[in-house]
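>>> fold the following for me, if possible:
(one chain, ligands or ions: 2)
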Amino acid sequence: MSRVVDPTPDAIEAAAARLRAGHPVAFPTETVYGLGAGTLDAAALEAVYTLKGRPDDNPLIAHVAGAAAARALVTRWDTRCDALVERFWPGPLTLVLPKAAHVPDRATAGLATIAVRAPRHPVAVDLLAAYGAAISAPSANRSGHVSATTARHVADDFADVADLLVLDGGPCAIGLESTVLDLTGATPVVLRPGSVTEEALGRVLGPVRVLRIDTQAASPGTSMRHYAPRTPCVCVETEELVAMLAETAHPVAVLCFDTNAVPSPHRPIAMPQGAGTYAAQLYDALREADRMSVERIVIERPPETNEIWKAIVDRIRRATA
Ligand code: TXA
Ligand code: MG
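Ligands and ions are numbered 1, 2, ... in the order given. Okay, the predicted model is just below:
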């Protein structure tokens, strides 16, 4: 059984002690929960891969207290990094840079680059301070499954794991994984869209390239099917929703904007109209739909009227791939 605890100073100290002893710990960030181990502790990182069932070749994000700690893990830090960190850290922006020699291969899946980000959730900040070094953490879900945005989600995914400590920092405010930005080349490349948008990055950096998600990306974690519920999942246009539900005899779960559009026996889950609140609720809604034990999950396609919606639709595409 996982152990979900309130993030009291004692609990944070206990979590840091567990990290020092080489045990993974789950903790909240403003994006999603992470399953962390010391970045320089290769054996503990191995345990994270085993717990998640994560493919060996999928690299991790190193969480740091700030720019100074990030610089210690990389060999190149330029004025673009200073400008980005000034504007977006602590927060949901991950930078990919050439890795320093002392960082173990397990922290980067053998890549010559490392992903670094300073989270802003106070519990993550406190845990980094108590541990006193970088913490590498993938999202705290079983590999391939929907990311965890509450401590309960983590406990559900790792219900069979003896004694995993989960710091409960409440529901994640953002609910979408961080924007991953590759700064190893002359032109910055967004490897994974998130709440720090291309437009916001462009205001700091000038032109930014965005990797199309239907092509296999520079890193394996960006492969198509990901963030997926266990139940088969489809996305349909609003105009097609009513006809489709009328033709479907077996109950399906429907993530929709207007629950009145969903006749019985189908099971509506109301989604918010605003992109920010939609993002914060998406993974919880997918997990709720999974628990309904229906044959299919149907997601009403959101508008792609701004870049947050685009990041949301990116995750929906991966869930339905
Ligand atoms: O918001 C987040 O980023 C959350 C919280 C816990 O910080 N973490 C997260 O981790 O989403 P994970 O492991 O689920 O996703 C990390 C992503 C993957 O797509 C991975 O391929 C990419 O970051 N990544 C990590 N290191 C990389 C590298 N050196 N080069 C390119 N991509 C990298
Ligand atoms: Mg993940």
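
>>> is it true that His63 touches Tyr131?
No: in this structure, His63 is not within contact of Tyr131 by Cβ atoms under 8 Å, at 9.8 Å. Where you see a C-beta, it was placed from the backbone N, CA and C, and this is true even at glycine.

>>> between the two, which has more neighbouring residues?
A side-by-side neighbour count of His63 and Tyr131, using other Cβ atoms under 10 Å, places His63 first with 28 against 22.

>>> outside of the helix or strand Ile316 falls within, which residues touch it?
Element membership for Ile316 (DSSP states H and E) is helix 307-320. Residues from elsewhere that reach helix 307-320 (Cβ atoms under 8 Å, 6 or more residues apart in numbering): 146, 176, 179, 192-195, 197-199, 213, 224-229, 233-235, 275-276, 278-279, 282, 286, 299, 301-304.

>>> how far off centre is that helix?
Distance of helix 307-320 from its chain centroid, counting by Cα atoms, centre = their mean, to the nearest Å, is 12 Å.

>>> repeat for stretch 103-121
15 Å.

>>> right, is it up against ligand 1?
Yes: using Cβ under 6 Å from any ligand atom, we find that stretch 103-121 touches ligand 1 at Thr108, Leu111, Thr113, Ile114, Ala115.

>>> what residues are up against the third one?
Think Thr113. With Cβ under 8 Å, 6+ apart, Thr113 has these contacts: Pro59, Val96, Leu97, Pro98, Lys99, Asp182, Thr184.

>>> show me where pLDDT drops low in the stretch 151-300 of the chain?
For the stretch 151-300 of the chain, the stretches flagged by pLDDT under 70 are 213-225.

>>> cutoff 90 now
Low-confidence segments of the stretch 151-300 of the chain (pLDDT under 90): 162, 211-229, 261.

>>> return the residues of the stretch 51-200 of the chain in contact with ligand 1.
58-61, 92, 94, 96, 108, 111, 113-115, 137-139, 177-178, 180, 191-192.

>>> can you tell me which of the residues you listed are in strands?
Ile61, Thr94, Val96, Thr113, Ile114, Ala115, Val180, Leu191, Arg192 (DSSP state E).

>>> please name the nearest non-neighbouring residue to the first one.
Spelled out, that is Ile61. Ala115 (4.4 Å; Cβ to Cβ, 6 or more residues apart in numbering).

>>> what separation is there between that neighbour and Leu97?
Per Cβ to Cβ, to the nearest Å, Ala115 is found 8 Å from Leu97.

>>> same check, this time on Ala289
38 Å.

>>> neighbour count winner among these two?
Ala289 (25 against 22).

>>> enumerate every residue touching that one.
Pro229, Thr231, Ala253, Leu255, Arg267, Ile269, Ile297.

>>> can you check Arg120 too?
Listed by Cβ under 8 Å, 6+ apart, the contact partners of Arg120 are Thr29, Glu30, Trp89, Pro90, Gly91.

>>> name the member of the residues you listed with the most neighbours.
Thr29 (31 neighbours).

>>> thinking it is in contact with His63, fair?
Yes: counting by Cβ under 8 Å, His63 is a contact partner of Thr29 at 7.4 Å.

>>> now the common contact residues for the two.
With Cβ under 8 Å, 6+ apart, Thr29 and His63 have common neighbours Pro119, Ala124.

>>> now do the helices in the stretch 1-150 of the chain.
9-20, 42-52, 67-71, 79-88, 122-131 (DSSP state H, counting those that start in this stretch).

>>> okay, Arg117: pLDDT?
What the model reports as pLDDT for Arg117 is 98.

>>> do the longest helix along the chain and ligand 1 meet?
Secondary structure of the chain per DSSP state H: the longest helix is helix 275-291. No: judged by Cβ under 6 Å from any ligand atom, helix 275-291 makes no contact with ligand 1; its nearest approach is 11.4 Å.

>>> can you give me the domain boundaries for this structure?
3-177, 233-319 (automatic domain parsing).

>>> switch those over to CSV; also include distance to Pro207.
Below are those laid out as CSV (distance: least, Cβ to Cβ, whole Å):
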stretch, distance to Pro207
domain 3-177, 12
domain 233-319, 15
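
>>> which of the ones you listed is buried the deepest?
Per residue and on average, the most neighbours among the domains of the chain fall to domain 3-177, with a mean of 20 (mean count of other Cβ atoms under 10 Å).

>>> show me how far that one is from its chain's centre.
Worked out by Cα atoms, centre = their mean, domain 3-177 lies 10 Å from the chain centre.
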